[in-house]
Each structure stands twice: as C-alpha cells, then as structure tokens.
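Trainee: Could you look at this predicted model? Sequence included:
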Amino acid sequence: MSVTHSTLSSLVDRALAGSQRPLEFYLREQSRLPGTRANLELVNELSYLLVALVPERSEEVRALLMYLISDERSKVVSNTPEEFVVLCGVVALGACGAAQSRWRSEVYELLDLYSRSACWRIREGVATAFQRLLIAAPRDTISFLSILATQGNYFQQRAAVAAVAESTLLHTSDIVRAALDIQHVVLERVHSAPALDRKREDFRLLRQALGYTVSVVTAVSPEKGFALMRNCASWGDRDITWILRENLKKKRLAKFVEYAQDVAQLLI
C-alpha cells in the first residue's frame with residue numbers, strides 16, 4: 001500500500017466516524033488547484049475507496065458524500081481547491097450509486113443538479129459519474145440521460161451527450177442506439193435554438209461538446225453515425241455545420257474516408 005493510499009484510507013476512516021474536516025483539508029492540499037490539471041488520480045482513488053466501503057458502511061459513506069457536495073459548496077469558484085472537493089464528491093457519488101441500487105434515484109437527481117454547475121470541472125465530473133452508472137445500470141441511466149437530452153437546459157443536454165461519448169461503454173447495440181438517439185435529439189434542439197440563445201455561454205459550451213461527442217459514437221457505429229451527420233448537414237444551420245466539421249477533424253474518423261467525404265461535400 002502506498003503512503004498516499006494509506007493516508008487517504010486513514011482519513012476516510014476518520015471521516016466516516018464523523019471527523020470530515022481532515023479529509024477535506026487533505027483533498028484541498030492535494031488538489032493541484034489552482035492549476036491546469038486537477039489531481040484526477042486522487043479523485044478516482046477516493047471513489048474506489050468509498051465504493052469498497054459501501055456494502056458494510058453505506059450510511060456513513062452516504063453522509064460523507066453529502067458533506068463533500070453540500071449546498072454550501074454549490075457556489076464554489078472554478079479552479080480552486082474548493083471546487084476539487086465537490087469534484088471528488090460528485091465522481092464518488094456516481095461510483096457509489098452504481099454500487100448501491102437503492103441510492104440511484106437520489107444520485108440521478110443530484111447529478112442533474114451539478115450538471116448545471118458554473119464550474120467546468122464539476123460538469124466534467126458529472127459526465128464521469130454518469131459513465132460509472134452506465135456500467136452498473138445502463139437501462140435506468142440511459143432513460144435518465146434521455147430525459148436530460150429532451151427536456152433539459154443546455155448544460156443538462158451537455159451532460160447527456162458527454163456521458164454517452166465514451167467508446168469503452170458503447171459495447172452493446174442497445175447502448176449504441178441510445179447514444180446515437182441522444183446525440184440526434186440534442187442536435188435537433190441546437191438546430192431549433194433561437195438566435196439570442198446562440199450567443200449564450202451555456203449554448204456555446206454545448207456546441208463545443210457536440211464538436212467531439214458525435215464522432216465518438218459514429219466511430220463505433222459508422223453507418224448510422226454518418227447517416228445522422230448527413231441528415232444534420234442538410235439543415236444548413238451554421239452552428240450544426242461547425243459541429244460537424246469539428247467531428248470530421250477527429251482522428252477516430254480518419255479511416256472512414258468515403259463516409260467523411262460524403263458529409264464534407266454537403267457542408268461546402
């Protein structure tokens with residue numbers, strides 16, 4: 001056991017016993033924030049530790065998770081140690097929700113809340129958390145993500161398209177089909193967005209996410225993915241055109257030359 005793992009494990013034990021502040025301080029100190037890259041290794045290690053403890057200490061783990069993502073931190077500033085604490089809680093929430101089925105409804109609702117965070121790392125953490133849930137409960141998670149895609153605001157839509165844009169998760173026809181459907185629904189909503197909305201930051205961030213997510217799903221299901229892209233190319237929408245061009249630049253689509261050329265021709 002490494003010194004870091006030993007220290008973290010000891011602090012988690014203390015936190016589960018009711019002394020959460022030492023763990024919080026440790027997470028802040030080890031966050032690497034402010035900076036260009038947060039300590040994602042620590043984020044993952046904490047989540048794995050807590051998942052292992054769920055079977056025997058579920059209520060203590062739940063209490064700790066609620067502490068890490070408590071409401072008083074919901075207005076944290078980006079690129080700060082405080083943001084890192086919430087990020088840790090959000091990712092662990094998804095991992096533990098995957099392990100504890102009776103928590104899932106609450107976990108989905110909390111992830112929905114944090115998908116609208118002003119902090120981009122927390123929003124990325126939400127996508128990661130949903131991916132953990134997709135492994136354990138694909139049907140329920142896809143159903144919830146589909147609701148975010150069809151009914152949510154731009155940040156919620158972004159969470160939906162980003163969550164399913166992970167090639168290692170796209171291993172069954174049902175998940176691939178659902179991932180394509182979610183991309184399609186959100187692309188249609190972008191197409192129908194009013195001009196004033198398109199100047200907003202949340203719309204811009206959704207557009208930016210779609211600039212890579214479509215290619216992830218298309219690389220796994222090229223025939224249907226490129227069919228979707230061709231359909232979208234026919235809309236003559238400036239933002240959709242930008243999204244499609246960004247996806248065509250991705251190396252993961254480089255081997256699908258003829259498909260890509262067909263879409264590119266429609267964008268001229």
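Mentor: Cool, got the structure. Numbers count the residues shown, from 1 in each chain.

Trainee: Give the closest residue to Val214 in space, chain neighbours not counted.
Mentor: For Val214, ignoring the flanking residues on the chain, the nearest one in space by CB to CB, 6 or more residues apart in numbering is Asn247 at 4.7 Å. Backbone N, C-alpha and C define where each C-beta goes, glycine included.

Trainee: meant to ask about Asn39, not that
Mentor: Arg32 (4.7 Å).

Trainee: Return the helix or strand hosting Val185 as PDB; C-alpha atoms alone will do.
Mentor: Using DSSP states H and E, Val185 sits in helix 173-191. Coordinates of the C-alpha atoms in helix 173-191 are reproduced here as PDB (Å, rounded to 0.1, in the frame of the first residue of the first chain):
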ATOM      1  CA  SER A 173     -26.300  -2.500 -29.700                       C
ATOM      2  CA  ASP A 174     -28.900  -1.000 -27.200                       C
ATOM      3  CA  ILE A 175     -26.300   1.400 -25.700                       C
ATOM      4  CA  VAL A 176     -25.000   2.400 -29.100                       C
ATOM      5  CA  ARG A 177     -28.600   3.000 -30.300                       C
ATOM      6  CA  ALA A 178     -29.400   5.100 -27.300                       C
ATOM      7  CA  ALA A 179     -26.200   7.100 -27.600                       C
ATOM      8  CA  LEU A 180     -27.000   7.900 -31.200                       C
ATOM      9  CA  ASP A 181     -30.500   8.900 -30.300                       C
ATOM     10  CA  ILE A 182     -29.300  11.200 -27.500                       C
ATOM     11  CA  GLN A 183     -26.800  12.900 -30.000                       C
ATOM     12  CA  HIS A 184     -29.700  13.200 -32.500                       C
ATOM     13  CA  VAL A 185     -32.100  14.700 -30.100                       C
ATOM     14  CA  VAL A 186     -29.600  17.300 -28.800                       C
ATOM     15  CA  LEU A 187     -28.500  18.200 -32.400                       C
ATOM     16  CA  GLU A 188     -32.200  18.900 -33.300                       C
ATOM     17  CA  ARG A 189     -32.600  21.100 -30.200                       C
ATOM     18  CA  VAL A 190     -29.400  23.000 -31.200                       C
ATOM     19  CA  HIS A 191     -30.900  23.400 -34.700                       C
END
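
Trainee: Point out the other helices and strands that that helix packs with.
Mentor: For helix 173-191, the packing partners by 3 or more CB pairs under 8 Å, 6 or more residues apart in numbering; DSSP states H and E come out as helix 138-151, helix 154-163, helix 201-220, helix 222-233, helix 238-248.

Trainee: wouldn't the residue nearest to Val214 be in contact with Ser215 here?
Mentor: Yes - with contacts counted by CB atoms under 8 Å, Asn247 reaches Ser215, the gap being 3.9 Å.

Trainee: residues shared between the contacts of these two?
Mentor: Leu253 (CB atoms under 8 Å, 6 or more residues apart in numbering).

Trainee: any idea which residue sits dead centre in the chain?
Mentor: Ala127 (0.9 Å; CA atoms, centre = their mean).

Trainee: Which residue, other than its chain neighbours, is closest to it?
Mentor: Ala162 (4.0 Å).

Trainee: Next, count neighbours for the one you found.
Mentor: 24 (other CB atoms under 10 Å).

Trainee: Ok, Glu29 next?
Mentor: For Glu29, using other CB under 10 Å, the count is 11.

Trainee: Next up, the contacts around it.
Mentor: By CB under 8 Å, 6+ apart, the neighbours of Glu29 are Pro81.

Trainee: measure Ala193 to Leu248 for me?
Mentor: Distance of Ala193 to Leu248, given as CB to CB, to the nearest Å: 22 Å.
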